[in-house]
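Asker: What follows is a predicted structure for the sequence shown.
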Amino acid sequence: MVTVSGIVLAGGRSARFGRDKLAEPIDGLPMLHRAVLGVVRACEEVVVVTAFDGPEPSLPDGVKVTVVRDAVPDGGPLVGAAAGLASAAGEIALLVGGDMPDLRPSVLRELVRVAVEDPVEAVVLHDDESFRPLPCALRIDRAREAAEERLTAGDRSLYALLNSLRLAMIDEATWRALDPEGRTLHDVDEPGDLRERPGG
């Protein structure tokens, strides 16, 4: 049986939000709690990656979470992904953002299914004419190598990582059948994004 690690990126500075967005309550739970509780339903372990020098995050009760830190300050999402991949014990990683409060486990499981069954190194969701970098599924061994290669080359974006891997895209009709409102892709950058949550 393939083991799956959930990696939640929680190292951002919330500059556009104006305060710690991951602590922002949504339907009675901090945003980060919602992301962790969404991903844990599709994996065997959860790794939360926090800022190099940030405070310890508040985490939901009853969920075993490993907390790791970015290797350098303000390194961007690829630095966080590399830290999570280095700590993950599974064969497949589900990489998500801590600012994604409405992840649908059925969509995450579909990402894993394709990653397990297809000879690829990463799986993403098609959206409009391109794809979203989060959430995605990664084959951990290869993604670890590729992340270090990209960082050494000076890249800091998840697109750089994903474009360096053999990639499969789940078409929008397929994943929308599991998540008609597209809630899985909703992330929060500024307060107005909370009012625009699909179905929220």
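Answerer: Alright, I've got the coordinates.

Asker: Which residues does the host helix or strand of Ala81 contact?
Answerer: Per DSSP states H and E, Ala81 falls inside helix 77-87. By CB atoms under 8 Å, 6 or more residues apart in numbering, the residues outside helix 77-87 that reach it are 5, 7-11, 47, 49, 66, 68-72, 93, 95, 133, 138, 140, 143-144, 147-148, 150-151, 155-158, 160-161. (Glycine included, C-beta is placed from N, CA and C.)

Asker: rerun that using 6 Å as the cut-off
Answerer: Under the contact criterion CB atoms under 6 Å, 6 or more residues apart in numbering, helix 77-87 has outside partners 7, 9, 11, 47, 49, 68, 70-71, 95, 140, 143-144, 147, 156, 158, 161.

Asker: Okay, buried residues for that helix please.
Answerer: Buried residues in helix 77-87, counting neighbours by 16 or more other CB atoms under 10 Å, are found at 77-85, 87.

Asker: could I get the residues you listed as CSV with distance to Leu165?
Answerer: Formatted as CSV, the buried residues of helix 77-87 follow (distance: CB to CB, whole Å):
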residue, distance to Leu165
Pro77, 15
Leu78, 13
Val79, 17
Gly80, 17
Ala81, 12
Ala82, 14
Ala83, 18
Gly84, 16
Leu85, 12
Ser87, 19
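
Asker: and which of those residues is nearest Asp187?
Answerer: Closest to Asp187 out of the buried residues of helix 77-87 is Pro77 (11.4 Å), distances taken as CB to CB.

Asker: hmm, back to that, got the buried residues of helix 77-87 as CSV, with distance to Gly28 and pLDDT columns?
Answerer: Putting the buried residues of helix 77-87 into CSV (distance: CB to CB, whole Å; pLDDT from 0 to 100) gives the following:
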residue, distance to Gly28, pLDDT
Pro77, 28, 93
Leu78, 33, 96
Val79, 32, 96
Gly80, 27, 95
Ala81, 29, 97
Ala82, 33, 97
Ala83, 30, 97
Gly84, 27, 98
Leu85, 32, 98
Ser87, 30, 97
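
Asker: what's the closest of these to Met100?
Answerer: Nearest to Met100 among the buried residues of helix 77-87: Pro77, at 12.4 Å, using CB to CB.

Asker: so how far is Ala83 from the closest one?
Answerer: According to CB to CB, to the nearest Å, Pro77 stands 11 Å off from Ala83.

Asker: Same question for Gly62.
Answerer: Using CB to CB, Gly62 is found at 24 Å from Ala83.

Asker: With Pro60 instead?
Answerer: Going from Pro60 to Ala83 by CB to CB gives 21 Å.
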